[in-house]
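Student: Let's see this in three dimensions:
(chains A, B, C and D)
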Number of protein chains: 4
Amino acid sequence: MNPNKTAKPAFTSDYMEGAHPRILQRLAETNLIKTQGYGLDPYSDSAREKIRAACQCPDAQIHFLIGGTQANATVIDALLDSYQGVLSSDQGHINVHEAGAIELGGHKVLTLPHRDGKIDPDVLQQWLDDFEGDGNHDHMVFPGMVYISHPTEYGTLYSLAELTRISGICRTHGLPLYLDGARLAYGLASSVNDVSLPDIARLCDAFYIGGTKCGALFGEAVVIPDPDRIPHFFTIVKQHGALLAKGRITGIQFDTLFTDDLYFSIGQTAIDAAERIRSWLREHGYTFLIDAPTNQILIILDNEQLQKLGEAVEYSFWEKVDEDHTAIRFATSWATTKEDVDRLLQTLDQL
Amino acid sequence: MNPNKTAKPAFTSDYMEGAHPRILQRLAETNLIKTQGYGLDPYSDSAREKIRAACQCPDAQIHFLIGGTQANATVIDALLDSYQGVLSSDQGHINVHEAGAIELGGHKVLTLPHRDGKIDPDVLQQWLDDFEGDGNHDHMVFPGMVYISHPTEYGTLYSLAELTRISGICRTHGLPLYLDGARLAYGLASSVNDVSLPDIARLCDAFYIGGTKCGALFGEAVVIPDPDRIPHFFTIVKQHGALLAKGRITGIQFDTLFTDDLYFSIGQTAIDAAERIRSWLREHGYTFLIDAPTNQILIILDNEQLQKLGEAVEYSFWEKVDEDHTAIRFATSWATTKEDVDRLLQTLDQL
Amino acid sequence: MNPNKTAKPAFTSDYMEGAHPRILQRLAETNLIKTQGYGLDPYSDSAREKIRAACQCPDAQIHFLIGGTQANATVIDALLDSYQGVLSSDQGHINVHEAGAIELGGHKVLTLPHRDGKIDPDVLQQWLDDFEGDGNHDHMVFPGMVYISHPTEYGTLYSLAELTRISGICRTHGLPLYLDGARLAYGLASSVNDVSLPDIARLCDAFYIGGTKCGALFGEAVVIPDPDRIPHFFTIVKQHGALLAKGRITGIQFDTLFTDDLYFSIGQTAIDAAERIRSWLREHGYTFLIDAPTNQILIILDNEQLQKLGEAVEYSFWEKVDEDHTAIRFATSWATTKEDVDRLLQTLDQL
Amino acid sequence: MNPNKTAKPAFTSDYMEGAHPRILQRLAETNLIKTQGYGLDPYSDSAREKIRAACQCPDAQIHFLIGGTQANATVIDALLDSYQGVLSSDQGHINVHEAGAIELGGHKVLTLPHRDGKIDPDVLQQWLDDFEGDGNHDHMVFPGMVYISHPTEYGTLYSLAELTRISGICRTHGLPLYLDGARLAYGLASSVNDVSLPDIARLCDAFYIGGTKCGALFGEAVVIPDPDRIPHFFTIVKQHGALLAKGRITGIQFDTLFTDDLYFSIGQTAIDAAERIRSWLREHGYTFLIDAPTNQILIILDNEQLQKLGEAVEYSFWEKVDEDHTAIRFATSWATTKEDVDRLLQTLDQL
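Tutor: Here you go, the predicted structure:
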């Protein structure tokens, strides 16, 4: 019996279920085998090898952390010197929705105005030129790295050209580039995406491949392509309370996700569902807050629509647009079924 | 096929396997049901209710965190004012094996010499008397709370009389008392234990019920008996990167552990196995580093014994005692079988 | 011999000289008298009494800190809980020119767009309404206090009506209001100012009376009108490296500044000089970046003017306005003489 | 009129007066000369040159900070990576009397048992051998530097042989060595001292020459012999609230202290006075807590003596030795006169 059967169609987020069934199966199969803790087990080693292969970075340091905020706080604290801050879009997750985790580590988030949720390379270039230009900046927080998310918080994607340019600017200025891939599976599967895992590994100094929102119970794989980039990262992870005693649990999950391209097929499932919903909404004249090509769909409703929709469907509040309008989000995921989408569209059709 | 069958008997730690099978089963059964994230789901609510009942503290705030270091860092940071430190035994986990997680939050660990891994109430009393006595202490870190572990890092236990006295001293001095229960199941099941969950809830201001080492894949249940003790703890958890998106995963695990007394029977399994090993070692004249009544067994070996044992059995290094002697640890757990113990004792017998 | 006689007129800042001569005289007179350290001396006590009288807050806690960044970081860290940030104008000193001192203490600066360097009460109200409105804010940094500067970084002033409104909003929302008075003497002396020290003490929960820029060698008097507001502030000051061993040095300086209204006459000197310069600039058609009534004068020059001025006068760079224009600052102070202004105007006249 | 004339002889500390008269004179002479702020003035430059010459380290970075706690917190935070702590004697000032300033910066103080207030090179060597020896230390705070004070908090001194050995151990292990010279003038002047400023500059990676306790109003000169050791230290100083706007004030003070060997003659005055007092106490059978050769004299009194002494002389409480005995301190300084010592000895003689 599935209690969701009779419930409203629910598209609130991409972390409403447990894990992809293959992951649960592997956890069950391996359950009583004894291994060392803290990620020093053969499952974690195997997962690391598969990720290195997928990223074409054979020497990369790879650590499995538990969640996105934690991964961001740990990596950023590890990459910055004490007097440095992290450049981010003003809508970056680290700036808005992580409860001050970066500042807890002693660092300022230096914000750039976003364009469709992204950092505009021109804006980044100009900011850095200004910082290094006239006047004395010794009383200011120094930029120490750049944070981007891909897909962004709005579901948008960097093109390979954009990512290449941002990476070039960062390298010219000696700034590590860090990519938050909480929803990376959904970016990689998007029909407009032209950025591959090897591209990311080549252009970024650190990034994480999101598991929590992409089919795992939890877990994010932090990849540091140059293994000498962050000495003693293991201890930094421990210091941040981010080291899982039974590290095998994340190891097994990522080993499964990177077996038989599961990570990629998971992304495809969500994208296909999102595309179907988006087409329907477009055909029916809905207004989009932003034109995003991944698994998040942001539309603007007027108050009347909002109330009717709220009675029929579960979605998430995004932001107040004006007194009469509100933006909401539907998110699809690896777990979204054809039946889920059918029910959503039927329900919307009857509004 | 179980690869451990042919391997050496392994008693390295109490986190060498996955989770108790009932937990995996519940995760599988609930896997595709959709719920809200961040612990706002019915499984987490149910687990909270069961823990409140077991602790006889009907109003307690309960939050499910992921690991012990994280739980300690988050609770301690939440309870202390900026100018305060946390009193701990010098062997306390927060002082030795958490990579500076407390200091990362800006707080000093103020150490008291341990007695069998425990804080001696007399020593605590004297320290506080001294601090409040002669001289100016305004240039020193103020004590802001007391941290104890139960069982301790050495596997020892506070008696109810000791815990009552420490609690009384804390309350007299306005210091919250926080108990780290990473291995609480193994303390509760010990034959010498006279401290119950309701005792802990009555005598402490915060504590956590350990899951990671006691049958869960991971997870610790932080209990704050007075719900007004720490406002906005949810946000503090988020800020510390300790908020699980799919909070249901910890909810389901603790709901299972507190159904049909599973948490208590798990403890019993480990204690029974440890008692069997301890008896055998005692009969065979082994020297114990400490006389501890829970699931950790600390013995001292000379170099020759150490080498032979290392070839036959997996244990964990504890500490160098002197040039010729080393202390090692065997740990049992919920997953230790009669066959595991048989094989260990047979192996030891042949050394 | 004064080397400045032959140098260019210098209006770079208000901290180019030592201290008001009466301060040096008092330091010399008291030099060999022995006192206790850390502000527990009779001079500091006397200064505290005089400031309490001037502020009409007889119970206030008063601590003498050394500089503005330090005072801000210490007070803000003392007032905030771990999960809270400080609301500030985006141009607030703490947000731009303190090298991340607030973030070092673990707190985020939550920014509001400035209006003439000030926080607009309507904008503050709206921000707080939004924060408490729709959506879940438990993943965000909570507002914990409001920071304003008076005069602002642009030399502008809050009217008593504005300050009263901001204070009211803060109290409604339970947020302490903190006023940075680095240049308070120059605000109090301005002809348009209608905010008195007792007003500030009544409407704010903490503030500092600036000494460094207002006639002292260094030093800021932090005033906390409600003495129970921040327990153990002395220790927090020490923890922040802000406790002067020879606390008498700041005590003597503030005792002198608050004897015979010296603090107020110092302000008047600077304001009179600034008014003379401003009138001349206005008469000669210069463009002001902002219309500020205190001791800072911000004008916009084109590139040609900028170069000629730079050869003749010392000023400070403010900001690039566009490719062809730059804003610069002249600052007057307690030490600005009629002769200094004469020379400046003569020089400008010959450009 | 000097109110101290009629007061009790006062030997409470070495920061009971203002500054050496030559310093006040220089401050008065230069008072109205205009200079840039933040240490970018000719007086600071001149002081830096004189200190470089005295230390025979021509390229050293030199920054003038305000107090010892601040200097320690800033330098230590600048030298450590996030996962590292600072090794110190358990009686080190940073461990006991700085209110947690090091922990506020996110770092643990790793303590070694002191021997006469000093770190024993053998103990340091053993600690590092142990840390790098058996067992897994990845869960522990890594040692990142060594902190010593010279003179120590007990007034004792490292011999050149000891300092050389500690420096060698540090360099072998890649740990910067930092020396806290709050009372360095009194160490350099001691008859048993064989450590010179060039020795310190050669053997340490950072140190500060104390001004506050050695004749200045306030101020400590942080010397970093290798100028590339700490990039952007200026900004780190600012971030710690340790940057003086009127940097010239410390510049002028240190320029004066390093003119005509004033820093050394100041030390001699205090040492001569301390030696006279020590000889008298020794002759009269007083018990010393520790045999220290600098300006601090630690003696143990029984309760009766303590009470009588307290009525006649101002001293500082050091520590309770046992129920019947207390250790107290007399401190001499640059300002201690022959008359002061005469009065003390006369008073003691009449007890």
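
Student: Quick check: end-to-end length of stretch A:107-123?
Tutor: Using C-alpha to C-alpha, to the nearest Å, the end-to-end distance of stretch A:107-123 comes to 22 Å.

Student: Output stretch A:191-211 as PDB, restricted to C-alpha atoms.
Tutor: Output of stretch A:191-211 as PDB, limited to C-alpha atoms (Å, rounded to 0.1, in the frame of the first residue of the first chain):
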ATOM      1  CA  SER A 191      19.100  18.600 -23.700                       C
ATOM      2  CA  VAL A 192      20.700  22.100 -23.800                       C
ATOM      3  CA  ASN A 193      23.700  21.100 -21.700                       C
ATOM      4  CA  ASP A 194      27.100  21.000 -23.300                       C
ATOM      5  CA  VAL A 195      29.200  20.600 -20.200                       C
ATOM      6  CA  SER A 196      30.500  17.100 -19.400                       C
ATOM      7  CA  LEU A 197      32.000  15.800 -16.100                       C
ATOM      8  CA  PRO A 198      35.500  15.800 -17.700                       C
ATOM      9  CA  ASP A 199      34.900  19.500 -18.600                       C
ATOM     10  CA  ILE A 200      34.000  20.300 -15.000                       C
ATOM     11  CA  ALA A 201      37.100  18.400 -13.700                       C
ATOM     12  CA  ARG A 202      39.300  20.300 -16.100                       C
ATOM     13  CA  LEU A 203      37.900  23.700 -15.500                       C
ATOM     14  CA  CYS A 204      37.200  23.600 -11.800                       C
ATOM     15  CA  ASP A 205      39.500  23.200  -8.800                       C
ATOM     16  CA  ALA A 206      36.900  21.500  -6.700                       C
ATOM     17  CA  PHE A 207      33.300  20.400  -7.200                       C
ATOM     18  CA  TYR A 208      30.800  18.100  -5.800                       C
ATOM     19  CA  ILE A 209      28.600  15.500  -7.600                       C
ATOM     20  CA  GLY A 210      25.300  15.700  -5.800                       C
ATOM     21  CA  GLY A 211      23.800  12.500  -4.500                       C
END
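
Student: Can you name the residue of the stretch 151-300 of chain A nearest chain B?
Tutor: A:G241 (3.0 Å; C-beta to the nearest C-beta). For every residue, glycine as well, the C-beta is placed using N, CA and C.

Student: Name the nearest residue to that residue, ignoring sequence neighbours.
Tutor: Distances taken as C-beta to C-beta, 6 or more residues apart in numbering or on different chains place B:Q70 nearest to A:G241, at 3.0 Å, with adjacent residues excluded.

Student: Repeat that for A:D226.
Tutor: Using C-beta to C-beta, 6+ apart and skipping the chain neighbours, the partner closest in space to A:D226 is A:D205 (7.0 Å).

Student: Neighbours of that neighbour, how many?
Tutor: Per other C-beta atoms under 10 Å in any protein chain shown, the neighbour tally for A:D205 reads 23.

Student: ok, now which ones touch it?
Tutor: A:L79, A:M145, A:C170, A:P176, A:L177, A:Y178, A:I224, A:P225, A:D226, A:R229 (C-beta atoms under 8 Å, 6 or more residues apart in numbering or on different chains).

Student: can you rerun that using 10 Å?
Tutor: Shown in contact with A:D205 (C-beta atoms under 10 Å, 6 or more residues apart in numbering or on different chains): A:75, A:79, A:145-146, A:167, A:170-171, A:175-179, A:223-226, A:229-230.

Student: what does A:A99 give?
Tutor: Contacts of A:A99 were listed using C-beta under 10 Å, 6+ apart, and they are A:69, B:232, B:234-241, B:243, C:83, C:85, C:108, C:137-142.

Student: Near the nearest residue in space to A:Q61 that is not next to it in sequence, how many other residues are there?
Tutor: In this structure, A:Q61 finds its nearest non-sequential neighbour in A:I224, 4.2 Å apart by C-beta to C-beta, 6+ apart. By other C-beta under 10 Å, 26 other residues sit near A:I224.

Student: Pass me the low-pLDDT residue ranges in chain A, would you?
Tutor: Residues of chain A that meet the criterion pLDDT under 70 lie in A:1-6.

Student: Can you dump the C-alpha atoms of the longest helix that it contains in CSV for me?
Tutor: As assigned by DSSP state H, the longest helix anywhere in chain A is helix A:262-283. Written as CSV, here are the backbone C-alpha positions of helix A:262-283 (Å, rounded to 0.1, in the frame of the first residue of the first chain):
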residue,chain,number,x,y,z
LEU,A,262,22.8,5.0,-13.3
TYR,A,263,23.6,8.6,-12.4
PHE,A,264,23.0,9.6,-16.0
SER,A,265,19.8,7.6,-16.4
ILE,A,266,18.4,9.0,-13.2
GLY,A,267,19.0,12.5,-14.6
GLN,A,268,17.2,11.6,-17.8
THR,A,269,14.1,10.4,-16.0
ALA,A,270,13.7,13.7,-14.2
ILE,A,271,14.4,15.8,-17.3
ASP,A,272,11.9,13.9,-19.4
ALA,A,273,9.2,14.4,-16.8
ALA,A,274,10.1,18.1,-16.5
GLU,A,275,10.0,18.6,-20.2
ARG,A,276,6.5,17.1,-20.4
ILE,A,277,5.3,19.4,-17.7
ARG,A,278,7.0,22.4,-19.2
SER,A,279,5.5,21.8,-22.6
TRP,A,280,2.0,21.4,-21.2
LEU,A,281,2.4,24.6,-19.1
ARG,A,282,3.7,26.5,-22.1
GLU,A,283,0.9,25.3,-24.3
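
Student: Of all the residues in it, which ones are buried?
Tutor: Across helix A:262-283, burial judged by 16 or more other C-beta atoms under 10 Å in any protein chain shown covers A:262-263, A:266-278, A:281.

Student: coming back round to it: look up phi and psi at the residue of the stretch 151-300 of chain A closest to chain B.
Tutor: A:G241 adopts backbone torsions of phi 70, psi 30, taken as degrees, to the nearest 10.

Student: wait, isn't it in contact with B:L104?
Tutor: Yes - look at A:G241 against B:L104 with C-beta atoms under 10 Å: they come within range, at 8.7 Å.

Student: what do those two both touch?
Tutor: With C-beta under 10 Å, 6+ apart as the test, A:G241 and B:L104 both reach B:A73, B:E98, B:H240.

Student: one step back: any idea which helix or strand comes after the longest helix of chain A?
Tutor: The C-terminal neighbour of helix A:262-283 among helices and strands, as given by DSSP states H and E, is strand A:287-288.
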